[in-house]
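Chemist: here's my sequence, what's the structure:
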Amino acid sequence: MHLLKNRRILIGVTGGIAAYKTAQLIRDLRKLGADVRVIVTPFTRSFVGDMTFETLSGNRVSADWSEDPLAHINLARWAEVFLIAPCTVNTLSKIALGIGDTLLTTTVLAYDRTLLIAPAANTVMFRNPAVQENLRKLRERGILIIEPERGLLACEEEGEGRLADPERLKDWILWALHPKPLEGKRILLTCGATREYIDPVRFVSNESSGEMGFSLARVARWMGAQVKVIAGFTTAPEPPETDVVRVKTAEDMRRAVLEEFGNADVVIMNAAVADYRPLRTSDRKIKKGGKLILELEQTPDILAELGRKKKTQILVGFALESEELLKNARKKLKLKNLDMIVANPPEVMGAGHHKGYLITASGFEEFAFESKIESALFIMNRISKLTAS
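Modeler: Residues are numbered from 1 along each chain as shown. Model (predicted):
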């Protein structure tokens, strides 16, 4: 998977204990095909040596002008996106004041594209009014601040100030580099499996991991959309910087979707909603012994209900069929008044790869990808074209 193939990413690393996390980020970016170069401040080398960054990036580390008197200009021109992580409050404040006393801060002054800053500091230092004022200045200039996380810090204090997780940093880089055809659009997305309870501890469900839905949410955010996810049970990691509302049963999901439906421009129903639920649910754990016969009833058809209610929304459904995949999916597209349906065979559920058909009233496209994030890019690109038509 080469989501960042040949993309030029400049990473600035300042002198803080969190610098070790940046090594993992660089490794991940290289795995995605990126060309990564690193600038360090003099004090960074007290925490992580140049050899670590050079080995992981495949490029020489830049720290001063000894090899190139125009290093700040050349690096600024080269980079498509510039991330400083970790960014100490010292460097953050210099950037806010326009001070260029190191190669890193001077390169910032010469850089006129997307700048991302990921602060890391002791909680009291981060909340200091002077630091907060400098953060405000940076935001007003259009610099994107990747908010630090809460947790146990190196100083043994608990609180805000921990460097954002490398997965979040990587996601922001992907966001910064992606075109924004869905800018201003509101996307409502469901994913994961519902659980229909037999008693307080037993339920009827399925093997959906939620990975496909979460991948769609990530890509939609990269494309500029405002995304809200209503999720059942999932095992896949939640997408960064995304509003995720958790539900359990099909009826829970129905209520949550209907509450948000009127605010959405695009609705993507990827959840594996149970088709049946126990007719009766015990409020106590059923004791073992003899046969247990379950009588089931159908759950509400949320997608069909949305198809009847929709006005200007684009409505996208998913169909998982074990036989006559295209025929059954086309029937569902028409009966449920959908704009698009993604039809998949059963083996994609819970798997890393993804394949199937993307079907609209005008025709279909077959697709197959090694990862669900690649599949999500394909699907969201087609959805963005629907919003533009």
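
Chemist: so residue 66 versus residue 19, what's the distance?
Modeler: 21 Å (CB to CB, to the nearest Å). Every C-beta, even on glycine, is put in place using the N, C-alpha and C of the backbone.

Chemist: now do residue 224
Modeler: Relative to residue 19, and taking CB to CB, residue 224 is found at 31 Å.

Chemist: which one's more surrounded, the two?
Modeler: Neighbours were counted for residue 224 and for residue 19 using other CB atoms under 10 Å; residue 19 has more, 25 against 17.

Chemist: what pairs with the host helix or strand of residue 161, parallel or antiparallel?
Modeler: Assigned by DSSP states H and E, residue 161 belongs to strand 158-162. Strand pairing for strand 158-162, using DSSP bridges, gives strand 149-152 (antiparallel).

Chemist: contact partners for the nearest residue to residue 38 once chain neighbours are set aside?
Modeler: By the measure of CB to CB, 6 or more residues apart in numbering, the closest residue to residue 38 outside its immediate chain neighbours is residue 53, 4.5 Å from it. Going by CB atoms under 8 Å, 6 or more residues apart in numbering, residue 53 touches 13, 22-23, 26, 38, 40, 61.

Chemist: can you tell me how far residue 53 is from residue 330?
Modeler: Note on residue 53: its distance to residue 330, by CB to CB, is 53 Å.

Chemist: so what's the gap between the helix or strand where residue 297 lies and the chain middle?
Modeler: Of the helices and strands defined by DSSP H and E, residue 297 is found in strand 296-298. The chain centroid and the centroid of strand 296-298 are separated by 35 Å, computed with CA atoms, centre = their mean, to the nearest Å.

Chemist: where does pLDDT dip in the stretch 151-300 of the chain?
Modeler: Along the stretch 151-300 of the chain, segments meeting pLDDT under 70 span 152-156, 159.

Chemist: so residue 161 is in contact with residue 118, correct?
Modeler: No. Assessed by CB atoms under 8 Å, residue 161 is found out of contact with residue 118, at 11.4 Å.

Chemist: break the chain into its domains for me.
Modeler: According to automatic domain parsing, the chain comprises the domains 8-177, 186-388.

Chemist: can I get these in JSON lines including distance to residue 2?
Modeler: Putting the domains of the chain into JSON lines (distance: least, CB to CB, whole Å) gives the following:
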{"stretch": "domain 8-177", "distance to residue 2": "4"}
{"stretch": "domain 186-388", "distance to residue 2": "9"}
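
Chemist: burial count for residue 191?
Modeler: 28.

Chemist: what's the answer for residue 202, then?
Modeler: Using other CB under 10 Å, residue 202 has 15 neighbouring residues.

Chemist: can we start the residue count at 62 from this point?
Modeler: Yes, from this point I'll number from 62; that puts the last item at residue 263.

Chemist: and the closest residue to it other than its chain neighbours, what helix or strand is that in?
Modeler: Closest residue to residue 263 apart from its sequence neighbours, by CB to CB, 6+ apart: residue 347 at 7.2 Å. Using DSSP H and E, residue 347 sits within no helix or strand.

Chemist: tell me the spacing between residue 347 and residue 290.
Modeler: 33 Å.

Chemist: quick one, helices of the protein?
Modeler: Per DSSP state H, the chain carries helices over the ranges 80-92, 111-118, 132-139, 150-158, 164-171, 184-188, 190-201, 227-238, 272-283, 311-322, 363-370, 386-396, 433-449.
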